[in-house]
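Novice: Okay, here's the prediction I keep looking at, along with the sequence it came from:
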Amino acid sequence: MSTQTLPEVDTRPEGTDTSDDDAPKMFHYVRKNKIAESAVMGTHVVALCGEVFPVTKSAKPGSPVCPDCKKIYDGLKPGE
C-alpha cells in the first residue's frame, strides 16, 4: 500500500462517510502518526478538512478523496 506524504507533513487518506455496506464514500487526509493509535484504540483523528472520526478503513489506489482535504494537502509546502 502506498501513502502520499510530504516531508514533516505525514498525512494519508483514511475513510469516513460510510454507507450501509460499510464501504467509505471518500477518504480524508489525516496525520500519519495518529492512524495506528486510532485503529487500535478507537480514538478519533482530525482530517485536514476538520472532520473528526475514528480510523476504520485504509484507502486503496484510486479511492475517492475528500475534495477539501485534497485542496488543503495540495496547497501545503514541503516542511509545513
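Specialist: Nice, thanks for sending it over.

Novice: Tell me, what's the model's pLDDT at I35?
Specialist: If you check I35, the pLDDT there is 89.

Novice: Kindly report the same for S58.
Specialist: pLDDT, S58: 79.

Novice: Could you do S2 as well?
Specialist: 45.

Novice: what's the closest non-adjacent residue to S38?
Specialist: Nearest residue to S38 in three dimensions, chain neighbours excluded: V55, at 3.9 Å (Cβ to Cβ, 6 or more residues apart in numbering). The C-beta positions use only the backbone N, C-alpha and C, and glycine is treated the same way.

Novice: and if you look at M26?
Specialist: P64 (4.5 Å).

Novice: ok, back up a step: how many residues are close by the residue nearest to S38?
Specialist: Other residues near V55 number 22, with proximity taken as other Cβ atoms under 10 Å.

Novice: Helices of the chain, start to end?
Specialist: 32-41, 67-75 (DSSP state H).

Novice: Let me have these in TSV, extended by distance to E51.
Specialist: Formatted as TSV, the helices of the chain follow (distance: least, Cβ to Cβ, whole Å):
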stretch	distance to E51
helix 32-41	13
helix 67-75	8
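
Novice: ok so, going back, for H28, see how far away the residue nearest to S38 is.
Specialist: 10 Å (Cβ to Cβ, to the nearest Å).

Novice: do the same with H44
Specialist: H44 is 12 Å from H28, by Cβ to Cβ.

Novice: For the two, indicate the residue with more neighbours.
Specialist: H28 (29 against 13).

Novice: check contacts around the residue nearest to M26.
Specialist: 25-27 (Cβ atoms under 8 Å, 6 or more residues apart in numbering).

Novice: on that earlier part again, quick one: the residue nearest to S38 and K32 touch, right?
Specialist: No: taking contacts as Cβ atoms under 8 Å, V55 lies outside contact range of K32: 10.9 Å.

Novice: coming back round to it: spit out the residues that contact H44 and H28 alike.
Specialist: Joint contacts of H44 and H28 (Cβ under 8 Å, 6+ apart) are F53.
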